[in-house]
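**Q** build me a model:
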Amino acid sequence: MYELIQTDPRHEEVVTVLDEPIYKRTFDEWGLGFIVIKDDGGKQIISSDLTFDNQLYKLGLDNLKRVDETRASMIIDAFAKGRWREPYTILSDELYEDLPQEAVPEFSNGESLGLYPVNFAFQPIVNPISKLVTSAEALLRGPNNESPATILSQYSGIDLYRFDLESKQYALQIAADMGLPCRVSVNLLPMSLIMIPDAVDFLLDKIESLGLFSEQIIVEITEEEAITNHDAFHGAVTRLRAAGIKVAIDDFGAGFAGLSLLAEFQPDKLKIDRKLIQGIQTNGPKQAIVRAVIECCYSLGISVIAEGVEDAAEVNWLLEAGVSKFQGFYFARPSFNGFPQINW
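**A** So this is what the prediction gives:
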């Protein structure tokens, strides 16, 4: 029946709030009836089935207590009261925080600058309201556009962390060669900042030698790797910030650290993982989680970015919920050693 409702054009914005079996032992032999919610919050059962009330009594459900305690009834109650639909809005003047004075200029064809010792694909993070590029993320690629996982799998132990760190000099080099006037985001494993003692100095030296400014750089820390030395990591993050480099948590919601990482290090930016973003316009649990993340980050002064947006409906829902910065195929695909055209 639900599938028919979803495909019926008379119904708009159908949202799934719960998708799990209702166990027979909970609703067994109830029969058909109506539950009337009174103005004072009380409930009255009306049924044409003479055995209906008796069945409720036998099940200990004469006052619907057990029904009220099920996830299904709690979620339906929250949805009916509008808890799922209340938009969390940010004041309009807050939508323009931390933006550059000008947008990234349009590139005529997005052609690659050619091969480098280590290659990167650049994907913009955009504010569609003001039509500005707020930053461009440098995504590690092989010479034939191989994925980061393919490249990193060739290294282990300290060699992995050294390559992870040292490869970023080429991300900065490519950005400088393109003359990007926006911020540049580079990804680092958290342990790279811990296992390489001079990691922060290395980044700062490369930034200066390329004629860039530390204020232009964002270091994205992936949440997927556990942090074994919080004191050392906190010290490295503090040094990055002291130099003017902003710090972001990447793929939030996909890793191990979760809210503890958010509470301990309070990044400048937080990127919500694509798994929470995709299909959010029809997924009630995702909506509840993302609204909570947005409200939490806004209270902490953290800028929220939605990753992996591929559909206009996702963008529209997220805009209404208070997100103003987006990254994903809907706006632009990554461009190998270059910068892509943007679909505004």
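**Q** helix or strand next in line after the longest helix along the chain, which one?
**A** Determined from DSSP state H, the single longest helix within the chain is helix 284-300. Next along the chain after helix 284-300, taking DSSP states H and E as the criterion, comes strand 303-307.
**Q** name the strands paired with that following strand and say parallel or antiparallel.
**A** Paired neighbours of strand 303-307 in the sheet (DSSP bridges): strand 269-272 (parallel), strand 325-327 (parallel).
**Q** compare these and give me the one nearest I129.
**A** strand 325-327 (9.6 Å; C-beta to C-beta). Heads up, the C-betas are built off the backbone N, CA and C, glycines and all.
**Q** which strands border the following helix or strand past that closest one, and is each parallel or antiparallel?
**A** Using DSSP H and E, the helix or strand that directly follows strand 325-327 along the chain is strand 335-336. Here strand 335-336 is paired, per DSSP bridges, with strand 119-127 (antiparallel).
**Q** residue nearest the centroid of the protein?
**A** I272 (1.0 Å; C-alpha atoms, centre = their mean).
**Q** is it true that it touches A254?
**A** No - applying C-beta atoms under 8 Å as the test, I272 and A254 come out as separate, 9.4 Å apart.
**Q** so R183 bridges to which residues?
**A** Following DSSP bridges, R183 is listed with bridge partners S135.
**Q** for C296, see how far away it is.
**A** R183 is 23 Å from C296, where distance means C-beta to C-beta, to the nearest Å.
**Q** just want to know which of the two has more residues nearby.
**A** R183 (23 against 15; other C-beta atoms under 10 Å).
**Q** the more buried one touches L132, doesn't it?
**A** No - using C-beta under 8 Å as the test, R183 is too far from L132 to be in contact (11.3 Å).
**Q** what is the burial count for A149?
**A** A149 is flanked by 8 other residues according to other C-beta under 10 Å.
**Q** do the one 5 residues further on as well
**A** Counted with other C-beta under 10 Å, the neighbours of Q154 add up to 10.
**Q** so it is in which element?
**A** According to DSSP H and E, Q154 maps onto no helix or strand at all.
**Q** cool, and N187?
**A** Per DSSP H and E: strand 183-188 holds N187.
**Q** now do the strands in the stretch 151-300 of the chain.
**A** Applying DSSP state E, counting those that start in this stretch to the stretch 151-300 of the chain gives strands spanning 183-188, 217-222, 246-252, 269-272.
**Q** would you reformat the ones you listed as JSON lines and include mean pLDDT and distance to P340?
**A** Shown next, in JSON lines, are the strands of the stretch 151-300 of the chain (pLDDT from 0 to 100; distance: least, C-beta to C-beta, whole Å):
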{"stretch": "strand 183-188", "mean pLDDT": "94", "distance to P340": "15"}
{"stretch": "strand 217-222", "mean pLDDT": "90", "distance to P340": "19"}
{"stretch": "strand 246-252", "mean pLDDT": "89", "distance to P340": "20"}
{"stretch": "strand 269-272", "mean pLDDT": "93", "distance to P340": "19"}
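**Q** just give the closest residue to V309, not the sequence neighbours.
**A** Nearest non-adjacent residue to V309, counting by C-beta to C-beta, 6 or more residues apart in numbering: G328, 3.5 Å away.
**Q** repeat that for V14.
**A** V14 sits nearest to Q6 (C-beta to C-beta, 6+ apart), 5.2 Å away.
**Q** would you confirm that the one you found belongs to a helix?
**A** Yes - membership of Q6 in a helix is supported by DSSP: H, G, I helix; E, B strand; the rest coil.
**Q** mind showing which ranges of the chain have poor pLDDT?
**A** For the chain, the stretches with pLDDT under 70 are 18-39, 41-111, 223-227, 255-258.
**Q** what residues of stretch 302-315 count as buried?
**A** 302-309, 311, 314-315 (16 or more other C-beta atoms under 10 Å).
**Q** how about these, which pair is most distant?
**A** Spatially, the most separated pair among these is I302 and D311, at 25.0 Å (C-beta to C-beta).
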